[in-house]
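Asker: Next come a sequence and a model predicted from it.
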Amino acid sequence: MAAGGREICRQLCRHRRAVLVTTIAMLVYDVCQAEDAASLGRAAVCTIMAMPAAVLDSLYGKLYHRASFALSSSGLLLAVLQEAMYGNGRLLSSMAGGALFGLLMLIVFVVGRGSMGFGDVCFAAGLGTFIPPEQIVQTFFLTFLLGGLAALMVCLSRAVRGMQPADRIPLGPFLTAACLLSILHGQQMMRWYLGGY
């Protein structure tokens with residue numbers, strides 16, 4: 001969704017405590033769970049750049065294109081720095097991850113016919129720059145698994161209270177959570193799934 005920088009800053013200032021607490025909590029988790037410096041760097045930068053947008057999405061149901069652009073730019077810049085440090089082809093991997101995750105979400109956007117917004121597609125493309133391409137499909141399924149479980153809990157909670165089910169549940173927080181889980185635990189999850197853990 002197009003929005004001016006002032007509107008985004010105003011919303012971030014209004015909810016600065018929620019953004020700050022959530023971001024710090026996730027950074028602590030990143031530090032405790034990262035296996036190496038490269039994954040810690042990806043998880044930390046992704047957390048700092050994505051968490052404010054995810055919090056605003058949970059509050060307003062909007063993912064801003066400016067935030068998604070900043071997210072993808074930071075992912076590509078980090079990939080350039082990591083490629084210079086480690087020389088492992090990280091830039092090409094980052095570009096492929098962003099394109100693949102964005103494409104998968106674009107397919108859902110087209111097939112879903114309004115079930116999610118285009119902001120989710122752009123946000124997913126930005127998050128994909130932090131994820132290795134071989135873990136994109138895993139992240140994609142994990143996003144909808146987490147979102148589906150949350151939707152089920154919300155529906156059950158509202159049914160118990162005698163309320164109507166919620167019309168929409170923001171996808172941004174689940175995209176962010178799935179991305180961070182894939183960065184930090186993607187290989188372990190894949191080994192567990194394949195039965196080798």
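Answerer: Right, received. Where do you want to start? The structure presented is a predicted model; accordingly, all values stated were derived computationally and were not measured. Numbering: from 1, shown residues only.

Asker: use CA for all of it now, contacts and neighbours both
Answerer: OK.

Asker: Tell me how many other residues surround residue 24.
Answerer: Residue 24 has 15 neighbouring residues, counting by other CA atoms under 10 Å.

Asker: That one and residue 195, how far apart?
Answerer: Distance, residue 24 to residue 195, using CA to CA, to the nearest Å: 34 Å.

Asker: ditto for residue 185
Answerer: Separation of residue 185 from residue 195 (CA to CA): 15 Å.

Asker: who has more neighbours, those two?
Answerer: Higher neighbour count among residue 185 and residue 195: residue 185, with 16 against 8, using other CA under 10 Å.

Asker: Secondary structure element for the more buried one, which one?
Answerer: Counting by DSSP states H and E, the element that carries residue 185 is helix 172-193.

Asker: So which residues make contact with that helix?
Answerer: 30, 33-35, 39-40, 42-43, 46-47, 50-51, 53-55, 57-58, 63, 120, 123-124, 127-128, 130-131, 135, 138-140, 142-144, 146-147, 197 (CA atoms under 8 Å, 6 or more residues apart in numbering).

Asker: Which members of those are positioned in helices?
Answerer: 30, 33, 39-40, 42-43, 46-47, 50-51, 53-55, 57-58, 120, 123-124, 127-128, 138-140, 142-144, 146-147 (DSSP state H).

Asker: List only buried entries from the residues you listed.
Answerer: Among the ones in helices among the contacts of helix 172-193, the ones that count as buried by 16 or more other CA atoms under 10 Å are 30, 39-40, 42-43, 46-47, 50-51, 53-55, 57-58, 120, 123-124, 127-128, 138-140, 142-144, 146-147.

Asker: Tell me the spacing between the residue nearest to the spatial centre of the chain and residue 139.
Answerer: For the chain, residue 176 is the residue whose C-alpha lies nearest the centre (CA atoms, centre = their mean; 2.2 Å). Separation of residue 176 from residue 139 (CA to CA) stands at 10 Å.

Asker: and what of residue 5?
Answerer: For residue 5 relative to residue 139 (CA to CA), the value is 29 Å.

Asker: Repeat that for residue 31.
Answerer: Per CA to CA, residue 31 is found 20 Å from residue 139.

Asker: Please apply the same query to residue 158.
Answerer: Distance from residue 158 to residue 139, by CA to CA: 28 Å.

Asker: looking at the protein, which helix or strand is least sure?
Answerer: helix 5-14 (a mean of 81; mean pLDDT, DSSP states H and E).

Asker: who's in contact with residue 50?
Answerer: By CA under 8 Å, 6+ apart, residue 50 lies in contact with 67, 71, 127, 176.

Asker: Alright, that wraps it up for me.
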